[in-house]
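S.K.: My questions concern the predicted model and sequence given below.
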Amino acid sequence: MKKIPIKIVELTSPSGKTAKEVMLDVYDYYEIEGAQQKLNEFKKQYFQIVNDAEKLFYGKKINEKKKYQNLPSSVYWKLCILLNNFNKQIENEFEITNYIEAISRDFGLSKDYIYDMLTIVKIFNKNEIIDSVPFSYYRALKRKYHELKKFSLFENEKKRLNKMGKEDKLPGRENYKEELINIIKKHSKKR
């Protein structure tokens with residue numbers, strides 16, 4: 001079955017009011033049986049995930065928007081799961097042509113952050129994400145995943161990172177990134 005290509009956009013009226021909408025090319029609309037029903041079902045799923053994400057980040061006080069950086073890693077993990085489950089629900093039927101852009105806009109996170117979250121959920125388990133380690137450290141570790149995995153070091157580095165977090169001995173994030181680079185360099189020379 002051919003996937004339905006859709007685009008999630010933000011429209012602005014002449015008065016300045018904005019609204020999010022899901023668009024389907026007119027040619028696809030007439031070629032797809034039950035297109036309106038499928039589009040409505042997708043909208044329902046997508047706007048539900050956006051609402052769920054807002055509840056995760058802001059709780060009941062949506063008007064008091066917190067800075068994402070100050071949230072515990074477990075909240076980011078829950079968003080990773082939310083995105084992953086949504087992707088599984090739609091992957092066989094829909095292709096969002098501006099997926100990362102739309103999610104980034106609607107969740108208020110950078111495109112890199114969204115990409116990292118979609119990857120982190122695949123290489124970490126829930127019990128490996130702890131609140132004593134800021135999520136930005138997991139992102140830094142994720143970005144060195146392939147290099148560390150090549151030397152069979154990734155699993156040990158996850159444990160080391162969490163141990164430092166539990167013991168309140170985390171280096172600054174930039175220092176941690178340097179540590180990762182040095183670990184990889186050290187093992188590269190051994191080969």
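M.R.: Arrived safely, thanks for sending. Since the model is a prediction, treat every value here as computed from it, not as a measurement.

S.K.: Now residue 94. Nearest residue, chain neighbours left out?
M.R.: Distances taken as Cβ to Cβ, 6 or more residues apart in numbering put residue 4 closest to residue 94, at 5.1 Å, once the chain neighbours are dropped. Heads up, the C-betas are built off the backbone N, CA and C, glycines and all.

S.K.: cool, and residue 132?
M.R.: The spatial neighbour of residue 132 that comes closest, neighbours along the chain excluded (Cβ to Cβ, 6+ apart), is residue 165 at 4.0 Å.

S.K.: Next, give phi and psi for that neighbour.
M.R.: Torsion angles at residue 165 (phi, psi; degrees, to the nearest 10) stand at phi -60, psi -40.

S.K.: Remind me what the helix or strand bottoming out on mean pLDDT in the chain packs against, helices and strands.
M.R.: Within the chain, confidence by mean pLDDT, DSSP states H and E is lowest for helix 26-31 among all helices and strands, at a mean of 81. Counting contacts by 3 or more Cβ pairs under 8 Å, 6 or more residues apart in numbering; DSSP states H and E, helix 26-31 is packed against helix 35-58.
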